[in-house]
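**Student:** Fold the following, please.
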Amino acid sequence: MTKPLVTILDDEPEIRRMLAEALQEAGYRTASFARATEFEASLKTSSPDVCLVDLGLPDKDGLALVHRLALESGASIIIISGRAQVQDRITGLELGADDYIIKPFDPSEVVARVRARMRSTKPVGRVSETAHFSGWIAQFDSYVLRDKDGVETPFSHAEGEVLRMFLNSPKRLISRAQMQENLGGAAGESFDRAMDVRISRLRTKLREDPKNPQLIKTIYGAGYIFLGDVTWD
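**Tutor:** The predicted model follows:
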């Protein structure tokens with residue numbers, strides 16, 4: 001079995017070396033890049049499982065890159081940044097990152113976060129990648145929603161994690177605690193905000209009325225429930 005690939009994008013050589021050594025020792029393959037252009041070029045020939053992305057890049061805006069990765073890549077995205085403000089973390093998560101680690105950090109913490117992301121993306125008891133519900137088709141191998149007329153709408157890896165969770169448990173209440181357990185990440189304000197953003201974006205892509213959604217219902221004080229009938233190919 002091929003080892004999972006983790007890419008490291010950071011302009012500090014010591015950080016790249018430290019992370020690569022820790023991840024390789026933990027059983028991962030790594031590829032390291034100092035510039036966003038080199039990293040983006042590599043995506044044409046490789047498909048990383050997890051991308052570690054520093055926001056302070058010399059050639060491109062780190063947040064813009066994170067947003068593009070979230071829309072176009074199937075990888076989990078973990079931001080590594082010296083920006084410690086809560087708003088910076090929220091912005092990163094809103095743009096599609098799955099986790100946010102503040103510098104300075106212990107390499108073992110990064111390895112643990114990578115393991116958590118890998119666990120959350122492994123299919124559990126199901127290998128099917130296509131779900132049908134309420135006139136929609138969700139294709140998780142290509143990260144696309146297709147309506148009854150065949151119109152396609154892409155969704156991000158992070159949005160896909162939430163959608164798969166709902167589709168695997170239709171008509172069952174899913175609490176915030178269950179979401180955190182299923183999807184990984186540290187519980188707290190940043191996680192709750194990230195979930196709210198992802199669910200809001202899914203509702204928009206499913207053309208739900210934000211004031212009266214019919215598929216993803218909020219049960220105030222309890223969690224969420226997905227009301228559609230679901231079948232898997």
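**Student:** What segments of the protein are helices?
**Tutor:** Using DSSP state H, the helices of the chain run over 13-25, 36-42, 62-72, 86-94, 107-121, 157-168, 176-183, 189-205.
**Student:** Identify the residue nearest the geometric centre of this protein.
**Tutor:** Ala158 (2.8 Å; Cα atoms, centre = their mean).
**Student:** Roughly how far does that one sit from Arg201?
**Tutor:** Ala158 sits at a distance of 9 Å from Arg201 (criterion: Cβ to Cβ, to the nearest Å). Quick note: C-beta positions are derived from backbone N, CA and C, even for glycine.
**Student:** Repeat that for Glu161.
**Tutor:** In terms of Cβ to Cβ, Glu161 sits 12 Å off from Arg201.
**Student:** More neighbours: which of those two?
**Tutor:** Glu161 (20 against 17; other Cβ atoms under 10 Å).
**Student:** Which residue, neighbours along the chain excluded, lies closest to that one?
**Tutor:** Leaving aside its chain neighbours, Glu161 sits nearest to Leu183 (5.6 Å; criterion: Cβ to Cβ, 6 or more residues apart in numbering).
**Student:** dump the residue contacts of Ser200.
**Tutor:** Pro210 (Cβ atoms under 8 Å, 6 or more residues apart in numbering).
**Student:** Try it again at 10 Å.
**Tutor:** Glu94, Glu208, Pro210, Pro213, Ile216 (Cβ atoms under 10 Å, 6 or more residues apart in numbering).
**Student:** quick revisit: common neighbours of Ala158 and Arg201, please.
**Tutor:** Listed as contacting both Ala158 and Arg201 by Cβ under 10 Å, 6+ apart are Gly96.
**Student:** any idea how far Pro213 is from Met195?
**Tutor:** Going from Met195 to Pro213 by Cβ to Cβ gives 15 Å.
**Student:** which one of these two has more residues nearby?
**Tutor:** Counted by other Cβ under 10 Å, Met195 and Pro213 do not tie: Met195 has more neighbours, with 20 against 17.
**Student:** Show the buried residues in the contacts of Ser200.
**Tutor:** For those, a burial check counting by 16 or more other Cβ atoms under 10 Å picks out Glu94, Glu208, Pro213, Ile216.
**Student:** and those as JSON lines, adding pLDDT and distance to Gln139?
**Tutor:** Shown next, in JSON lines, are the buried ones among the contacts of Ser200 (pLDDT from 0 to 100; distance: Cβ to Cβ, whole Å):
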{"residue": "Glu94", "pLDDT": "79", "distance to Gln139": "24"}
{"residue": "Glu208", "pLDDT": "94", "distance to Gln139": "19"}
{"residue": "Pro213", "pLDDT": "93", "distance to Gln139": "22"}
{"residue": "Ile216", "pLDDT": "96", "distance to Gln139": "19"}
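**Student:** mind listing which of the residues you listed are in strands?
**Tutor:** Counting by DSSP state E, the part of these found in strands is Ile216.
**Student:** Run through the residues that contact the residue lying farthest from the centre of the chain.
**Tutor:** Residue distances from the centre of the chain (Cα atoms, centre = their mean) peak at Asp149, which lies 27.7 Å from the mean C-alpha position. Neighbouring residues of Asp149 by Cβ under 10 Å, 6+ apart: Gly135.
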